[in-house]
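In: here you go, sequence then predicted model.
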Amino acid sequence: MKKATTWLLIANTNSALIYDISSHEHLPKLKDHLVKAFDFPEGKLKSSELGNDEPGRYHTMGAPGSAYSPDTNPHQVELERFSRLIGDYLLAENLAHHYEQLIVCAEPHFLGILDTHFPKHVKDSVKIKINKDYIPMIHNSFNEFVERLRENLL
């Protein structure tokens, strides 16, 4: 029987990496098994840099214009957009049978956003969730990241 294809999603608010980790032999050479990389520089920006600082205005009969404040800040809107982008990609790849199982590693806040916006097929494929931002470790000490990942998976 063929072993299920497993992908690993490592994400934070400004980047995401997807690796094929179907075999534990892939772990020492994980860099060679990169499936997709997403860069989202908007995730690094402050809310004030993403949109208009002033609330919108509306007019009512007999009253001067009042300020309107949206319920969601621009930064949250951008994070939700990024999570949908990742979710849409994973859904297409899942429907194309490129992977069966998914392991998701993300900082806790962004993991919650991903979980909210992942389509049902993607949610159903998630095998393990790890509340940790491994992106800085990948960039600073890839070998240490691989060892930590091995500890979490074995």
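Out: Looks like it arrived, so ask away.

In: name the spans of the protein whose pLDDT lies under the cut-off.
Out: Counting by pLDDT under 70, the chain has low-confidence residues at 1-2, 26, 42-72, 154.

In: does Leu91 belong to a helix or a strand, and which?
Out: helix 74-95 (DSSP states H and E).

In: going by neighbour count, list what's buried in that helix.
Out: Neighbour-count burial for helix 74-95 flags 74-75, 78-79, 82-84, 86-87, 89-91, 93-94 (criterion: 16 or more other CB atoms under 10 Å). To be clear about C-beta, it is placed using only N, CA and C from the backbone, and glycine gets the same treatment.

In: and that helix, how far out from the chain middle?
Out: Relative to the mean C-alpha coordinate of its chain, helix 74-95 is positioned 7 Å out (CA atoms, centre = their mean, to the nearest Å).

In: mind exporting it as CSV, just the C-alpha atoms?
Out: C-alpha atoms of helix 74-95 as CSV (Å, rounded to 0.1, in the frame of the first residue of the first chain):
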residue,chain,number,x,y,z
PRO,A,74,-6.7,46.8,7.7
HIS,A,75,-3.9,44.6,9.1
GLN,A,76,-6.4,41.9,10.0
VAL,A,77,-8.1,42.1,6.6
GLU,A,78,-4.7,41.6,4.9
LEU,A,79,-3.9,38.6,7.1
GLU,A,80,-7.3,37.1,6.2
ARG,A,81,-6.5,37.7,2.5
PHE,A,82,-3.1,35.9,2.9
SER,A,83,-4.7,33.0,4.7
ARG,A,84,-7.3,32.7,1.8
LEU,A,85,-4.5,32.7,-0.7
ILE,A,86,-2.8,29.9,1.0
GLY,A,87,-6.0,28.0,1.5
ASP,A,88,-7.0,28.4,-2.2
TYR,A,89,-3.6,27.0,-3.2
LEU,A,90,-3.9,24.0,-0.8
LEU,A,91,-7.4,23.3,-1.9
ALA,A,92,-6.4,23.2,-5.6
GLU,A,93,-3.5,20.9,-4.8
ASN,A,94,-5.6,18.7,-2.6
LEU,A,95,-8.3,18.3,-5.3
